[in-house]
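Participant: test case, fold it:
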Amino acid sequence: MEPSNLWKKRLDEVPELAPYLRKVALKWAKGNPLPKRMTLGSEPKEPSVRSTLDRIFGGRVFYRNGKVSVEIPDALRDDAVLAPLAALLDIQPLEIEPANDPSEIFQRLRLAHPEIDTEWLRSASEVERLLKNQPEQEQLLHQLLKTAAFLQTLETPTTLSKLGSMFFNDSKILRNGTFRKLLGGLMNAWLGADDTPENREIALQQFGVIDNPATTLVTLFGPIELIRKGKTECWLVDRFNANEPVTLNSYNLQDIDTVHLCSGFDTVITSENAAPFHELVHEQPQAIVVYTGGYPNSAVCRLLHLLALAGATCKHWGDTDPDGFMIAALIDRQIPTTLFRSERATAQSHGKPLSPNQLERGRRLLEAHPDFIFRKELERTLKEELWVEQEQDGNPQPSSRKSARSCRLP
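Facilitator: Numbers count the residues shown, from 1 in each chain. Model (predicted):
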């Protein structure tokens, strides 16, 4: 039976039902979402009203203190069901003007935060739903853009709880849910990556956000002295002399004031992938070798930043696809970086065809970042439509290294 006919039948049979159903229809007509539970009025005395309410609300009818309340089933939240009820009760849906026109909101956001590209935010489905249901959330969007701008200049890792406290006075707001997704999306849009849930999470890591300090890791091989609270720690030098790479977590990097480089070790080689990193460890180059594990997380970025402050420069060894160049650009944000590209493996001899997605990704990256630091190299890759895997390329610095037995700098 059509909803309009069903409502008419019930009201014809039990006219006393109308005042109770009117409460539901009025709530719907105001454009408000129906709550999980509603009080409909005074407890009905007529058995017919009680039994009909019981059928309509699936038995979820409650009587207490002379009042009747009901739980609203999902079937009664459909406009196609509620509109006929409102029409039978001569209730017209209210034409509610939005508290803020979205275009005006985004205009204000753009003017207030020119350093952030708000176009992605404008098209995000999460924002559309947020403003539709809660138009007063504009102030929270301003705070979200302030958070994104802060992350672009962040030099030391932080947590979402700390960011939430700083910008929203709420340590929980960024831990999960809509605002975490939006912050990840903003940072991912800055990187020019495809908008996926995985890439949003990766983007947060690139800008120093730590979820779990114990599992945010960086693996390196090199003689580095850590200066923590004015005291020198030499154990990384000892592990280097024992030919052992070391894996640090974010806790190990806390409270590091600076690092000292041993004589002759002022070059860093970053390796995008694991097998080439282990090849470098075996070759023992005259360099500090850092494994990025693809896109560098906050621990990798922190270490590279400390090495840059100590005077080191970097050669990045990775894939020559758009993601590989983006990884190199992110590393360059922490330490001055050049690309290694050997003569052994050229695109013509060892290249793999770029997929349509990779080509589109590279073009979008260049459009989003006109001053992209490795623009020339990426343009060449896109022109050739070929890329070289890191494993096919040559070792960037295969020379044997010196020992670094002394913990003291010369």
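Participant: residue farthest from the centroid of the chain?
Facilitator: E46 (56.6 Å; C-alpha atoms, centre = their mean).
Participant: from memory it sits against E13, does it?
Facilitator: No: the criterion here is C-beta atoms under 8 Å, and E46 misses it with E13 at 11.8 Å. C-beta coordinates here come from the backbone N, C-alpha and C atoms, glycine included.
Participant: buried stuff in stretch 168-184?
Facilitator: Judged by neighbour count using 16 or more other C-beta atoms under 10 Å, the buried positions of stretch 168-184 are 168, 173-174, 178-184.
Participant: pLDDT of it, averaged?
Facilitator: Mean pLDDT, computed over stretch 168-184, is 91.
Participant: next one: that stretch to chain centre, how far?
Facilitator: Averaging C-alpha positions (C-alpha atoms, centre = their mean, to the nearest Å) puts stretch 168-184 10 Å from its chain's average.
Participant: and which of the buried residues of stretch 168-184 is nearest F57?
Facilitator: For the buried residues of stretch 168-184, the minimum distance to F57 (C-beta to C-beta) is 30.8 Å, reached by T178.
Participant: give the contact list for the residue lying closest to the closest one once chain neighbours are set aside.
Facilitator: Excluding the flanking residues, the one nearest T178 by C-beta to C-beta, 6 or more residues apart in numbering is E126, at 5.1 Å. With contact taken as C-beta atoms under 8 Å, 6 or more residues apart in numbering, E126 is in contact with 178, 181-182, 185.
Participant: now K8
Facilitator: Here K8 is in contact with L88 (C-beta under 8 Å, 6+ apart).
Participant: OK, contacts around the most centrally placed residue in the chain?
Facilitator: Per C-alpha atoms, centre = their mean, the C-alpha nearest to the average position across the chain is that of G184, at 2.1 Å. Neighbouring residues of G184 by C-beta under 8 Å, 6+ apart: 200-201, 203-204.
Participant: can you tell me the closest non-neighbouring residue to it?
Facilitator: G184's closest residue in space is R200 (C-beta to C-beta, 6+ apart), at 3.1 Å.
Participant: and that neighbour, what helix or strand is that in?
Facilitator: According to DSSP states H and E, R200 maps onto helix 197-206.
Participant: rounded mean pLDDT for that helix, please.
Facilitator: Here the average pLDDT along helix 197-206 is 87.
Participant: okay, now the unreliable bits of the chain?
Facilitator: 31-33, 94-100, 133, 135-136, 341-349, 393-410 (pLDDT under 70).
Participant: again, 50 this time
Facilitator: Residue ranges of the chain with pLDDT under 50: 96-99, 343-345, 398, 405-410.
Participant: for it, longest helix please?
Facilitator: Criterion DSSP state H: the longest helix present in the chain is helix 138-153.
Participant: buried stuff in that helix?
Facilitator: 138, 140-148, 151.
Participant: hmm, back to that, list the contacts for the closest residue to the residue farthest from the centre of the chain other than its chain neighbours?
Facilitator: In this structure, E46 finds its nearest non-sequential neighbour in E16, 5.5 Å apart by C-beta to C-beta, 6+ apart. Going by C-beta under 8 Å, 6+ apart, E16 touches 44, 46, 48-49.
Participant: how does it look with 7 Å?
Facilitator: By C-beta atoms under 7 Å, 6 or more residues apart in numbering, the contact list for E16 reads 44, 46, 49.
Participant: the first one should be in a strand, yeah?
Facilitator: Meaning P44. No: residue state for P44 (DSSP: H, G, I helix; E, B strand; the rest coil) corresponds to coil; a strand is not indicated.
Participant: make JSON lines from the contacts of E16 and add distance to V24 to it.
Facilitator: Converted to JSON lines, these look like this (distance: C-beta to C-beta, whole Å):
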{"residue": "P44", "distance to V24": "15"}
{"residue": "E46", "distance to V24": "18"}
{"residue": "V49", "distance to V24": "14"}
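Participant: pick the one among the residues you listed closest to A112.
Facilitator: Distances from A112 to the contacts of E16, taken by C-beta to C-beta, are shortest for P44, at 53.9 Å.
Participant: any idea how far the nearest residue to the closest one once chain neighbours are set aside is from L6?
Facilitator: Closest residue in space to P44, ignoring its immediate chain neighbours: R50 at 5.7 Å, by C-beta to C-beta, 6+ apart. As judged by C-beta to C-beta, to the nearest Å, R50 and L6 stand 19 Å apart.
Participant: just D79 next, same as before
Facilitator: Distance, D79 to L6, using C-beta to C-beta: 16 Å.
Participant: tell me which of those two has more neighbours.
Facilitator: L6 (14 against 10; other C-beta atoms under 10 Å).
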